[in-house]
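# I'll drop the sequence and a predicted model, then ask my questions.
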Amino acid sequence: MFRFIHTADLHLDAPLHSLALKDEVLSDLVGSATRGALEQIVTLCLEEDIHALLIAGDLYDRDLHSMKTAAFLTAQLERLNAAEIPVFIIRGNHDAASVITKELDLPPNVHVFSGHGGTERIDEHGIAIHGVSFAKPQAPESLLPKYPAPVAGCFNIGLLHTSLAGSEGHDTYAPCSVSDLKNHGYDYWALGHIHKRQVHSEAPHIVMPGMPQGRDIGEAGTKTVTMVSVSDGPGSNNVTLEERRTSQVEFNRVSCALDGVEEWRDMLAQITAAITEAVSQAAGNSILRVDLTGQTPLAWRVRRDMDLLSEQIREAAQVIGTVWIEKVECHLRQPEASEAREDPRFELQALMQTLMQDESVTARAVEMAEWLVGELPPEIRPGFGADRDALAASVTTFLTEGCEDVVAMMMGEETEGDR
């Protein structure tokens, strides 16, 4: 039996972007999350008597300049070296761009494949591990031609950092298809680059392990590594996979339906209950984005007083413990009422909504937004979308929310003394 752990995309010490980082305690927690994930992986190797650790690229982050990170990484790999557990690494696009890559003095148990590719044997288990590193941050062509033919009589593992045929939110790197990998003759493809776990094939096994630590709400949920057990001899039928949790902090979304709730106190109690339920299902520290939905007479007040409600929700989360609120989003709607048709404020809302359906109005808004984004610092601009279509979608959202905010302020005037 040969057992190994397959992971990728640790992005060691990469910043975890979150509005909740205004909290000093949470800032310290998430700032060390990727280190904690690596430490957990190494501990798992030691406790489970693993025979090898495979890292399929993006161990570092491209903007990383800290030699403290290098020292931490080396110390963790030394733990494996002391236990005589080999580590096999390929460089991904972020590793190729990292300035610390060339400065590392790795222990002798670590093998980093070059850009020319190569094969490492573990003869006592009949294992052949093949890998090709990124020589540059870009890899627009397939790297598959650099991988040698499978070694006869061995269980062949290929380490490859690739976007496959493409994935939303990821640029194209070392593209290839699942069928290309199947036809190459290896028994297990240990992939990296896409941050969401997926088993693309079981004959042979083609596995994207996902990242071991999420960095923001777009990488929500429990993060894991893949533990692989291989019976003696080649063949995909001899392989079993297990997921093992490694995330130190987990980002999640919580939806809270508030249909029919009429009192502020009752609303807050219902939101707190939803957060408590979410925390009970989490394995550790949680960062939540709360989404308020449904029809309630409180819709206008919530939109107007979102700062107050957000603070109250954060206070409730502190009482629960091990949970922080990243953001509260309001998608509440006012209940339909016959008198609304005679209220000039609702008439104004209807007029604004009609204007938003006018293509010339939205086109003009997008033009103005393009100019405004162009005036922003370069590091902020990507937040408004990667292209014009994404910017147009953001503008539509801003217009809709702006319309709701205007009406909320007007409606709020008559409820000022209700709290």
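Structure received.

# show me where the stretch 201-350 of the chain has its strands.
Applying DSSP state E, counting those that start in this stretch to the stretch 201-350 of the chain gives strands spanning 205-208, 224-230, 239-245, 249-257, 285-295, 323-333.

# to Ala33, which of these lies closest?
strand 249-257 (4.7 Å; CB to CB). (C-beta placed from N, C-alpha, C; glycine too.)

# domain map for the chain?
2-245, 249-415 (automatic domain parsing).

# of the ones you listed, which stretch is the most buried?
Highest mean neighbour count of the domains of the chain: domain 2-245, a mean of 19 (counted as mean count of other CB atoms under 10 Å).

# note down every partner strand of the helix or strand hosting Arg3 and its orientation.
Assessed by DSSP states H and E, Arg3 sits inside strand 2-7. Strand pairing for strand 2-7, using DSSP bridges, gives strand 52-56 (parallel), strand 224-230 (antiparallel).

# gap between it and the chain center?
22 Å (CA atoms, centre = their mean, to the nearest Å).

# next: stretch 146-154.
34 Å.

# give me the contacts around that stretch.
Stretch 146-154 is contacted from outside by 116-117, 119, 121, 126-128, 130, 132, 156, 158, 160, 184-187, 234, using CB atoms under 8 Å, 6 or more residues apart in numbering.

# can you give me the helices in the stretch 51-200 of the chain?
67-82, 93-97, 178-183 (DSSP state H, counting those that start in this stretch).

# coming back round to it: ok, of the domains of the chain, where does mean pLDDT dip lowest?
The minimum mean pLDDT among the domains of the chain belongs to domain 249-415 (a mean of 81).

# ok now that domain, how far from the chain's centre?
That offset, for domain 249-415, works out to 22 Å (CA atoms, centre = their mean).

# about what we covered before: mind putting the helices of the stretch 51-200 of the chain into TSV with distance to Thr34?
Converted to TSV, the helices of the stretch 51-200 of the chain look like this (distance: least, CB to CB, whole Å):
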stretch	distance to Thr34
helix 67-82	9
helix 93-97	12
helix 178-183	28
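
# His195: which of those helices is closest?
Sorting those by CB to CB, the top spot, which is the nearest, belongs to helix 93-97 at 11.9 Å.

# secondary structure class of Gly402, three-state.
helix (DSSP: H, G, I helix; E, B strand; the rest coil).

# measure it to Met352 for me?
Distance of Gly402 to Met352, given as CB to CB, to the nearest Å: 8 Å.

# same question, Thr162
When distance is defined by CB to CB, Thr162 is 47 Å away from Met352.

# leaving out chain neighbours, which residue sits closest to Thr172?
Ser163 (5.2 Å; CB to CB, 6 or more residues apart in numbering).

# give me phi/psi at the one you found?
Ser163 has phi and psi values of phi -90, psi 0 when expressed as degrees, to the nearest 10.

# got the CA positions of stretch 159-167 in PDB?
Only the C-alpha atoms of stretch 159-167 are listed here, as PDB (Å, rounded to 0.1, in the frame of the first residue of the first chain):
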ATOM      1  CA  LEU A 159       1.800  16.400 -11.400                       C
ATOM      2  CA  LEU A 160       0.300  19.200 -13.600                       C
ATOM      3  CA  HIS A 161      -0.700  22.800 -13.000                       C
ATOM      4  CA  THR A 162      -3.400  23.600 -15.500                       C
ATOM      5  CA  SER A 163      -6.600  25.400 -16.200                       C
ATOM      6  CA  LEU A 164      -7.700  22.300 -18.300                       C
ATOM      7  CA  ALA A 165     -10.200  23.600 -20.900                       C
ATOM      8  CA  GLY A 166     -10.900  26.800 -18.900                       C
ATOM      9  CA  SER A 167     -12.700  27.700 -15.800                       C
END
